[in-house]
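Trainee: give me coordinates for this.
(chains A and B)
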2 protein chains.
Amino acid sequence: MRIGILGYGNLGRGVEAAARQNPDMKLVAVFTRRKPESVKVFTESAEVLSVDVIEDWRNKIDVLILCGGSATDLPEQTPKYAKMFNCVDSFDTHANIPLHFENVDKAAKEGGKVAIISVGWDPGLFSLNRMYANAILPVGNDYTFWGRGVSQGHSDAIRRIKGVKDAKQYTVPVEKAIQSVKNGENPLLSTREKHTRECYVVLEDGADAKLVEHEIVTMPNYFSDYDTTVHFISEDELRKNHSGIPHGGFVLRSGSTGFDNEQKHIIEYSLKLDSNPGFTSSVLLAYARAAFRIYNEGQFGCKTVFDIPPAYLSPKSPEELRRTML
Amino acid sequence: MRIGILGYGNLGRGVEAAARQNPDMKLVAVFTRRKPESVKVFTESAEVLSVDVIEDWRNKIDVLILCGGSATDLPEQTPKYAKMFNCVDSFDTHANIPLHFENVDKAAKEGGKVAIISVGWDPGLFSLNRMYANAILPVGNDYTFWGRGVSQGHSDAIRRIKGVKDAKQYTVPVEKAIQSVKNGENPLLSTREKHTRECYVVLEDGADAKLVEHEIVTMPNYFSDYDTTVHFISEDELRKNHSGIPHGGFVLRSGSTGFDNEQKHIIEYSLKLDSNPGFTSSVLLAYARAAFRIYNEGQFGCKTVFDIPPAYLSPKSPEELRRTML
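Mentor: You can find the predicted model right below:
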């Protein structure tokens, strides 16, 4: 399988690294909006090219991995490139998934290609686990907790405050709430009871710490509904202790079976990730394999993780999977 | 969907209870090898019939759930009935799955029906999670722990010892081993280091406790490779404290990504189940829905959980799934 990458940031680099772990895949091209000569990749056999020439690669790439952002890049890119290539993206604006699906489906059908959208861990693996658990235990409650991990959106929101030089925000699940769910107590949890927010902030010279802290903890949507703690640290300390992008979380379903719902069950799925983009890119590549297989079967259009038979993600044959993993 | 049950033991009763939680399903018939008049079911609309007349129901049942055992029932029943009905079974003798698949596939293709085999939690949901995690993190190690839960096979093995009136055996995962895996230490674990075995035994009058204990802990395959503790208790205590059939376990993959495998990740899936058959039957019914859908699409033959697109398990439409669960 010949893999192309569009966008060489954290996610694009993750896809490049992950391709080296999959012997059936070969990274052949990285497309960028920057000057190609300014971008240095690790894979010697891969060309770095301007996105302007991407159309010339129609027949030289089996699956294009779109590594842009969900805010402005993917809503435009995925429909555009799904006409030319089998595509996989990590579109993660949950509320806009139905519209994105519609746009990409139309484009992929027009081009006779397969596109799998919203691939990653949430949306992605967490969605799958919510869905499986709901289908299996129709009577029950769902809980999703995120973290401990870095929220890029919340970190950015802090950085936009006047007087802030740099910042990192961790989303932290409340251990007590998780334990209550695991104990089968089916708690009703408010936003505040599920997660707390920890902020590490570097101030500009002369900035007013009290004012910045107030602006953070009262910020609507981002912080005002949470218990937020703000730590002011030096630029050095931020670089030394907070340069990683860890993340993770928990999907739980607490359900019951039996004639009187007397049997209680807990299904739990959890991730503990050193690197959010490192892991997400690995999920993208497994679904790239599926996209190419589905395309080779003559199917086309937009798909999500819900539509893909699990075996399509694996390089192993169906016989080998049954023998070794069932 | 009209559901039939073959075999009305713990699993059959579980399927009956689960059918009531799924508004798109209706239990119409329970087939038994016993005298039908000796079997009392809870569902008023369901007929209880001798398995001898099952063929007459070819056109009155959409999916037949086979609730027999893996040792002798299913190897014979699933190939036999997959010629007449769409079937789902919970065949769980891992080593014989390839042969069972072959037999059922031939029969289902002959009959133009769909059969999904080895459905439940292991094989089943645990298999799925092993497979997904392996496809996503090709570099890493797999760990499966079972319990704390009742092993029917081990309990039966104890009951066959002379002097034993009744017994219950719990498989218990070793907490230290699980923690080591969760910490990303990638331990190499022997059989003894992964699980211990706890036995609760009721003796016949006059039986020699020391002798029975010795026979248990030295029993090859079942106990000799484990640290086993034996508790002798009264019949009353067994009934009062050990009448349930709880089970569960953990599937973990510890893997790495990055150009130098420098990013470590842990994927964990775990189940905590009050009732093993209560939960297994719920999984069987979700896959019954999938079997019927696949059949209606004109496919036939034998399938496993690896082949089924997740969305096929859910009563929700693809649009609703994307809107509410992705």
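
Trainee: contacts and neighbour counts: CA atoms only from here.
Mentor: Will do.

Trainee: what sits closest to the spatially most central residue of chain A if chain neighbours are left out?
Mentor: Centroid check for chain A by Cα atoms, centre = their mean gives residue A:120 as the closest residue, at 3.9 Å. The shortest distance from residue A:120 to any non-neighbouring residue, by Cα to Cα, 6 or more residues apart in numbering or on different chains, is to residue A:280 (4.8 Å).

Trainee: name the residues of the strand or helix carrying the one you found that are buried.
Mentor: Using DSSP states H and E, residue A:280 maps to helix A:276-296. By neighbour count with 16 or more other Cα atoms under 10 Å in any protein chain shown, helix A:276-296 contains the buried residues A:276-295.

Trainee: do the same with stretch A:215-233
Mentor: For stretch A:215-233, the neighbour count (16+ other Cα under 10 Å) marks A:215, A:216, A:217, A:222, A:223, A:225, A:226, A:228, A:230, A:232 as buried.

Trainee: residue A:180 contacts residue A:193, correct?
Mentor: No: the pair residue A:180 / residue A:193 is not scored as a contact, 11.3 Å apart, by Cα atoms under 8 Å.

Trainee: who has more neighbours, the two?
Mentor: Neighbours were counted for residue A:180 and for residue A:193 using other Cα atoms under 10 Å in any protein chain shown; residue A:193 has more, 16 against 12.

Trainee: isn't there a strand covering the more buried one?
Mentor: No: Residue A:193 is assigned helix when assessed by DSSP: H, G, I helix; E, B strand; the rest coil, not a strand.

Trainee: in helices, which of the buried residues of stretch A:215-233 fall?
Mentor: In helices, defined here by DSSP state H, the members of these are A:215, A:216, A:217.

Trainee: between those, which sits nearest residue B:67?
Mentor: The shortest gap between residue B:67 and any of these belongs to residue A:217, at 56.5 Å (Cα to Cα).

Trainee: was I right to think that closest one contacts residue A:228?
Mentor: Yes: shown here, residue A:217 and residue A:228 form a contact pair, counting by Cα under 8 Å, at 6.0 Å.

Trainee: roughly how far out does stretch A:305-322 sit from the chain middle?
Mentor: 21 Å (Cα atoms, centre = their mean, to the nearest Å).

Trainee: so which residues of chain A form helices?
Mentor: A:10-19, A:73-81, A:97-111, A:125-136, A:152-159, A:175-182, A:191-194, A:209-217, A:235-241, A:276-296, A:318-324.

Trainee: export these to CSV and tack on mean pLDDT?
Mentor: Below are those laid out as CSV (pLDDT from 0 to 100):
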stretch, mean pLDDT
helix A:10-19, 97
helix A:73-81, 98
helix A:97-111, 98
helix A:125-136, 98
helix A:152-159, 93
helix A:175-182, 97
helix A:191-194, 96
helix A:209-217, 97
helix A:235-241, 97
helix A:276-296, 98
helix A:318-324, 97
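
Trainee: between those helices, which one is closest to residue A:270.
Mentor: Among the helices of chain A, helix A:125-136 comes nearest to residue A:270, with 8.5 Å by Cα to Cα.

Trainee: can the closest one be found next to chain B?
Mentor: Yes: shown here: helix A:125-136 in contact with chain B (Cα under 8 Å from any Cα of the partner chain) through A:127, A:128, A:130, A:131, A:132, A:134, A:135, A:136.

Trainee: flag every residue of the stretch 101-250 of chain A that's near chain B.
Mentor: Counting by Cα under 8 Å from any Cα, the stretch 101-250 of chain A comes close to chain B at A:118, A:122-124, A:127-128, A:130-132, A:134-139.

Trainee: make it 6 Å
Mentor: By Cα under 6 Å from any Cα of the partner chain, the part of the stretch 101-250 of chain A that sits against chain B consists of A:123, A:127, A:135, A:136.

Trainee: ok, now how distant is the last one from residue A:125?
Mentor: Right, residue A:136. For residue A:136, the distance to residue A:125 (Cα to Cα, to the nearest Å) stands at 17 Å.

Trainee: before we move on, what about residue A:106?
Mentor: 25 Å.

Trainee: who has more neighbours, these two?
Mentor: Ranked by neighbour count (other Cα under 10 Å), residue A:106 and residue A:125 place residue A:125 first, with 23 against 16.
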